[in-house]
Each structure stands twice: as structure tokens, then as C-alpha cells.
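Q: need a 3D model of the following:
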Amino acid sequence: MKTRFNLTKTLAFLALVAMFFAPATLIAATMTKPM
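A: Sure, this is the predicted structure:
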């Protein structure tokens, strides 16, 4: 039970990190790419 809750918490954290980093990497890629 405890491990399962820990797993869901980790998955939620990973999803949050992905949601935060996806736009950042997109912006960085578009900025570094020569027009």
C-alpha cells in the first residue's frame, strides 16, 4: 500500500516536471534555432 502510494506520488511529480520542462525546452529550441 505504501509503495503504491509512493509510486503514484512519483508519477505525479514526474508528470509535473514534464509539464514544466516541455514548454521550456520548446522555447529554448526555437530560440537557439537560427531563423
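Q: remind me which helix or strand the most centrally placed residue in the chain belongs to.
A: With distances taken as Cα atoms, centre = their mean, Ala18 lies nearest the centre of the chain, 1.0 Å away. Taking DSSP states H and E as the criterion, Ala18 maps to helix 2-32.
Q: for stretch 20-35, the averaged confidence score.
A: The average of the pLDDT scores along stretch 20-35 is 81.
Q: dump that stretch to CSV, restricted to CA.
A: Presented in CSV, the C-alpha positions along stretch 20-35 are these (Å, rounded to 0.1, in the frame of the first residue of the first chain):
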residue,chain,number,x,y,z
PHE,A,20,7.1,22.3,-16.6
PHE,A,21,10.1,21.4,-18.8
ALA,A,22,8.2,20.6,-22.1
PRO,A,23,7.4,24.3,-22.8
ALA,A,24,10.8,25.4,-21.6
THR,A,25,12.7,23.1,-23.9
LEU,A,26,10.4,24.1,-26.7
ILE,A,27,11.1,27.8,-26.2
ALA,A,28,14.9,27.1,-25.9
ALA,A,29,14.8,25.1,-29.1
THR,A,30,13.0,27.8,-31.0
MET,A,31,15.3,30.5,-29.6
THR,A,32,18.5,28.7,-30.3
LYS,A,33,17.4,27.6,-33.8
PRO,A,34,18.5,30.2,-36.5
MET,A,35,15.6,31.8,-38.2
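Q: list the buried ones in it?
A: Using 16 or more other Cβ atoms under 10 Å as the test for burial, stretch 20-35 gives no buried residues. (Each C-beta comes from the backbone N, C-alpha and C, glycine too.)
Q: how much space separates the residue nearest to the centre of the chain from Leu11?
A: Going from Ala18 to Leu11 by Cβ to Cβ, to the nearest Å gives 10 Å.
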